[in-house]
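Undergrad: model this:
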Amino acid sequence: MIRILAICSANMCRSPMSAGLLNRALIHAPIADKVMVSSCGLQPVDESICEEILSRRLSEADVQAIRKLHRPTQLTVELAGRANLLLAADRAVRTGVVRLDPQLHSITFTLREAATLAGAVLSDPLPHGNASARTLDWFVDQMNQARGVTGLARVENLRVSSRSWRRTLVHSHDIPDAHKEPGVPHTLVRRLLISSVDDLATSLLRAMT
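TA: Reported below is the predicted structural model:
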């Protein structure tokens, strides 16, 4: 079984949406029955998923997929150790994962970082692929080796609403936390999540099928 784990701080907003959308993107693929996508948090809260993140731009099928997968879960060494790929919402969460167990560094990426690196890896010839954990492990290892050689991370000045003058600074590896960062609306979080999951899912499907 191929295990992918999405992680954020409270496991009520960014990571459930990441896991639900990624699972939805892979559900009709040949590898669907071999992939388990789930989510957890560094400090999960015992609450239902954030309703703000679910509104607008999501189909009813997407919303149901996200709700179906969501169970507030604490990240543990054992849980992380069973995964082939760990996707953190931002750099702070990624640091928290690696502090839990430094050996997890090579398989831990932020979601946006993973989407970029996966696309870069696919620019090179792939070995004969198949839907197995071994293939994903190879792919993740190539992503890890590509860190630092795919262009420098940067801070982006992103539009946060329909008014072009409203902008906020976001690091290119991060999906910011709308519950903790002033000036960051859920619309921006949702936009970054959707595009990152789409890009990563496209790369995973190319590599695994």
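Undergrad: Break down the chain into its helices, ranges please.
TA: Here the chain has its helices, by DSSP state H, at 14-26, 51-54, 60-69, 77-81, 91-100, 111-121, 133-145, 186-208.
Undergrad: Distance to Ala153 for those - can I get that in JSON lines?
TA: To be clear about C-beta, it is placed using only N, CA and C from the backbone, and glycine gets the same treatment. Shown next, in JSON lines, are the helices of the chain (distance: least, Cβ to Cβ, whole Å):
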{"stretch": "helix 14-26", "distance to Ala153": "19"}
{"stretch": "helix 51-54", "distance to Ala153": "24"}
{"stretch": "helix 60-69", "distance to Ala153": "28"}
{"stretch": "helix 77-81", "distance to Ala153": "23"}
{"stretch": "helix 91-100", "distance to Ala153": "9"}
{"stretch": "helix 111-121", "distance to Ala153": "8"}
{"stretch": "helix 133-145", "distance to Ala153": "15"}
{"stretch": "helix 186-208", "distance to Ala153": "14"}
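Undergrad: Just say which of the ones you listed is most tucked in.
TA: Comparing the helices of the chain on average neighbours per residue, with mean count of other Cβ atoms under 10 Å, the densest one is helix 14-26 at a mean of 27.
Undergrad: list the helices and strands that one packs on?
TA: With contacts taken as 3 or more Cβ pairs under 8 Å, 6 or more residues apart in numbering; DSSP states H and E, helix 14-26 sits against strand 2-8, strand 35-41, helix 51-54, helix 60-69, helix 186-208.
Undergrad: Using PDB, write out every CA atom in that helix.
TA: Provided in PDB are the C-alpha atoms of helix 14-26 (Å, rounded to 0.1, in the frame of the first residue of the first chain):
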ATOM      1  CA  ARG A  14      -5.400  22.800   5.200                       C
ATOM      2  CA  SER A  15      -4.400  19.200   5.700                       C
ATOM      3  CA  PRO A  16      -8.000  17.700   5.400                       C
ATOM      4  CA  MET A  17      -8.500  19.700   2.200                       C
ATOM      5  CA  SER A  18      -5.200  18.600   0.800                       C
ATOM      6  CA  ALA A  19      -5.900  14.900   1.600                       C
ATOM      7  CA  GLY A  20      -9.400  15.000   0.300                       C
ATOM      8  CA  LEU A  21      -8.600  16.700  -3.000                       C
ATOM      9  CA  LEU A  22      -5.500  14.500  -3.600                       C
ATOM     10  CA  ASN A  23      -7.600  11.400  -2.900                       C
ATOM     11  CA  ARG A  24     -10.300  12.700  -5.200                       C
ATOM     12  CA  ALA A  25      -7.800  13.400  -8.000                       C
ATOM     13  CA  LEU A  26      -6.500   9.800  -7.800                       C
END
